[in-house]
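K.L.:
Build me a structure from this.
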Amino acid sequence: MTGFGVSALFFLFIMGSVVGAGYLLERPLPGLAFESVGRRLVGGRSDQVLQKQLIAAGYLQASALSVFYGVKCSVSGGFGIVFGLVGLLTHGNLQSALVSGLAGLLVGYLLPKLFLGR
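P.N.:
Down below sits the predicted model:
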């Protein structure tokens, strides 16, 4: 796969993720699968600072915190898988795939918080 092909696939993945997240987050939040994932991550904790940021961003539902954590976990996993596959396809060894996958996990973990702050 050429560098252009990898770049094109990465661009399509990012655009698809942004469009999909925008579509899903505009719908009523309680019915989303992200909520159940986030509820397991949050447990019973309450993050008041993050809840205030979500309210300021316009997410007024009580389940917004659970949904945010679900999105954060899903984006992190998705980026980890995609980056790992790109590392494996471009370099052909498992070490590059592992390092790329870990970088993708980190990027995916940080992106939702960065987008929320905007």
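K.L.:
Contacts for the helix or strand in which residue 4 is found next, please.
P.N.:
Using DSSP states H and E, residue 4 maps to helix 3-26. Contact with helix 3-26 is made by 32, 34, 59, 67, 71, 75, 78, 82, 86, 89-90, as judged by Cβ atoms under 8 Å, 6 or more residues apart in numbering. Where you see a C-beta, it was placed from the backbone N, CA and C, and this is true even at glycine.
K.L.:
Give me the subset of those that lies in helices.
P.N.:
Cross-referencing the contacts of helix 3-26 against helices under DSSP state H gives 34, 67, 71, 75, 78, 82, 86, 89-90.
K.L.:
Pipe the contacts of helix 3-26 into TSV and attach neighbour count, pLDDT and distance to residue 13 per row.
P.N.:
TSV is the format used below for the contacts of helix 3-26 (neighbours: other Cβ atoms under 10 Å; pLDDT from 0 to 100; distance: Cβ to Cβ, whole Å):
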residue	neighbour count	pLDDT	distance to residue 13
32	18	59	20
34	23	72	18
59	17	82	24
67	24	82	21
71	23	84	16
75	22	87	11
78	15	89	8
82	20	90	6
86	21	90	10
89	15	88	13
90	15	89	15
